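> no sequence for this one, just the structure:
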C-alpha cells in the first residue's frame, strides 16, 4: 500500500482560503497531473489542490461516463435549483454528510492554457464542482453539520483515525 497523498482532517490547509494562481506554467500542469493521479488512486471523483497540500485555486473532476475537468481560479457565477445528497470526501475517509447544493451552476475559470472558460453543469458534476470550490474557500463537509452532529462526527472520526480505517472514494 502506498502512502496517501491526500491531506486528512484536521490538516490546517483544509481550513484556509487558498491563493489564486497567478501564472499557469509547467509546475501548475504537473500539479494537475498529480491531482488526477491521486484522485484516481483514491477512487475519487473530484479534488482540490489544497487537499494535496498545494495553496492554489485548482480543482479537478472526473465522474464516470464524462470528460475530465480542470478549473484554475474557479468561480461559481450562477446557481439554480437545489437538491440534497449524501457526500463523502477524500479528506474525511469513512464520513458522509447530507448537503443541500444548487442543482445547476455556471462556473468561470481558466483552463490549462490560461484561456478563460465558462461552463454550465448540472447533476452530479455540478455537485462535485461545488464541493471542490468549497475546499478552495476553506469549507469542508463537516461545516454543514449542526453542533450536535459535529460532536458525533468528532468522536466517530477520532475512532477511525485511531483504528487506521481506510475507506477510499469521495469527492
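Alright, I've got the coordinates. Because the structure is a prediction, the values reported are computed rather than measured.

> could you use CA atoms for every contact and neighbour count after this?
Fine.

> list the contacts of residue 35.
47, 48, 49, 52, 60 (Cα atoms under 8 Å, 6 or more residues apart in numbering).

> and stretch 60-77, how far out from the chain's middle?
10 Å (Cα atoms, centre = their mean, to the nearest Å).

> so how far is residue 140 from the residue nearest in space to the middle of the chain?
By Cα atoms, centre = their mean, the chain has its centre lying nearest to residue 132, at 3.1 Å. Per Cα to Cα, to the nearest Å, residue 132 is found 9 Å from residue 140.

> can you check residue 73 too?
Taking Cα to Cα, one finds residue 73 at 18 Å from residue 140.

> for the protein, which segments count as strands?
Assigned by DSSP state E, the strands in the chain fall at 46-48, 58-62, 68-80, 83-88, 96-101, 104-110, 116-122.

> and of those, who's closest to residue 152?
strand 96-101 (12.1 Å; Cα to Cα).

> other SSEs contacting that closest one?
Packing partners of strand 96-101 (3 or more Cα pairs under 8 Å, 6 or more residues apart in numbering; DSSP states H and E): strand 83-88.
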